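A.B. asks: turn this into a structure:
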Amino acid sequence: MSNVRTVGVDLAAEPRSTAVCTLVWTDGAVVVESARLGADDHAVLTTCAGADRFAIDCPFGWPEAFVAALTAHQASEQWPGRVASSGAEFRRTLRYRATDEHVREHTGRVPLSVSTDRIGVTAMRCATLLDALAPPVDRAGTGGVLETYPAAALTVWKLWRTGYKGSNDVLSAMVDDLVHALPGLRFAGGLEALHRRDHNALDALVCALVARAAQCDRTILPDAQQQRQAAVEGWIHLPAGESLPWCVGL
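C.D. replies: All right, here's what the predicted structure looks like:
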């Protein structure tokens, strides 16, 4: 097959902690062609422009119920929660998107709330990036760009190790696991060392792997009932299976 490029972006609110990784797929091999830390918006958009598919670790939207509640409150209309049968249950719909609940059900992991956690600031930056792309991005991820959650993908692939964001030893062990799980994985230049010492780089690599999985129709898409909400709120693409070698040579 001709070379295929997938890009992963571990997005942060500021460039300092933002990592971008490019994978090149050929028959029987995948090479980490480039990886960088400290990527600003221009660097992210420029790198993604050359990709066949790219994935971003950040929510693509906010819960519909949250937006509706804020809109009502802004207009001095009745707060929707006043008539909810359960205040706590209603507030949960303000905190979590349909895709967040889907990830929790399938992996046991609960993504950060884009409406009540600090990741909301990162989502504002992500909205700026998505707005710069043309045509408008399908937030459900059926086009060239999709939303990912590395911790959930690693869990599905049984590669998750607790503490990898705080220990280089654990992080390095995860790189060993990944190389073992994906025969044909190679690192250009000194990029393997980078991934063994910086968890943002590893997360960006995982995002690029999920982008390839989506390209090969190996991620879980929203069903007919979830599609409308996913198109508004975003949709986290989970790998559809536990193994990785399928994605080399397809």
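A.B. asks: only the buried residues of the helix or strand of the chain at the bottom of the mean pLDDT ranking, if you could.
C.D. replies: Within the chain, no helix or strand scores below helix 87-95, which has a mean of 91 by mean pLDDT, DSSP states H and E. Neighbour-count burial for helix 87-95, counted by 16 or more other Cβ atoms under 10 Å, picks out Phe90, Arg91, Thr93, Leu94, Arg95. (Glycine included, C-beta is placed from N, CA and C.)
A.B. asks: what is the nearest of these to Asp10?
C.D. replies: Arg95 (22.9 Å; Cβ to Cβ).
A.B. asks: contact partners for the nearest residue to the closest one once chain neighbours are set aside?
C.D. replies: In this structure, Arg95 finds its nearest non-sequential neighbour in Ser113, 4.3 Å apart by Cβ to Cβ, 6 or more residues apart in numbering. Contact analysis of Ser113 by Cβ atoms under 8 Å, 6 or more residues apart in numbering lists Arg95, Tyr96, Asp100, Ile119, Gly120.
A.B. asks: the residues you listed, buried ones only, as a ChimeraX selection?
C.D. replies: Here is the ChimeraX command that selects the buried residues among the contacts of Ser113 (16+ other Cβ under 10 Å):
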select :95,96,100,119
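A.B. asks: export the contacts of Ser113 as TSV, with columns for distance to Val206.
C.D. replies: Below are the contacts of Ser113 laid out as TSV (distance: Cβ to Cβ, whole Å):
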residue	distance to Val206
Arg95	25
Tyr96	22
Asp100	18
Ile119	17
Gly120	22
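A.B. asks: and the next helix or strand past the helix of greatest length in the chain?
C.D. replies: Of all the segments of type helix in the chain, defined by DSSP state H, the longest one is helix 199-215. Downstream of helix 199-215, the next assigned helix or strand under DSSP states H and E is helix 224-233.
A.B. asks: helices and strands around that following helix, which ones?
C.D. replies: When contacts are defined as 3 or more Cβ pairs under 8 Å, 6 or more residues apart in numbering; DSSP states H and E, helix 224-233 packs onto helix 64-74, helix 98-107.
A.B. asks: what pLDDT, on average, does the longest one get?
C.D. replies: So that's helix 64-74. Mean pLDDT, computed over helix 64-74, is 95.
A.B. asks: which elements pack onto it?
C.D. replies: When contacts are defined as 3+ Cβ pairs under 8 Å, 6+ apart, helix 64-74 packs onto helix 87-95, helix 224-233.
A.B. asks: returning to what we had before: what about the least confident helix or strand of the chain, distance to the chain center?
C.D. replies: Centroid separation for helix 87-95 versus its chain: 24 Å, with Cα atoms, centre = their mean, to the nearest Å.
A.B. asks: can you check stretch 200-219 too?
C.D. replies: The answer for stretch 200-219 is 8 Å, by Cα atoms, centre = their mean.
A.B. asks: now it: buried residues?
C.D. replies: Of the residues in stretch 200-219, those buried (16+ other Cβ under 10 Å) are 200-215, 218-219.
A.B. asks: same check, this time on stretch 58-68
C.D. replies: Neighbour-count burial for stretch 58-68 [16+ other Cβ under 10 Å]: Cys58, Pro59, Phe60, Gly61, Trp62, Pro63, Glu64, Ala65, Phe66.
A.B. asks: tell me which two of those sit farthest apart.
C.D. replies: So, those by Cβ to Cβ: farthest apart are Cys58 and Ala65, at 20.2 Å.
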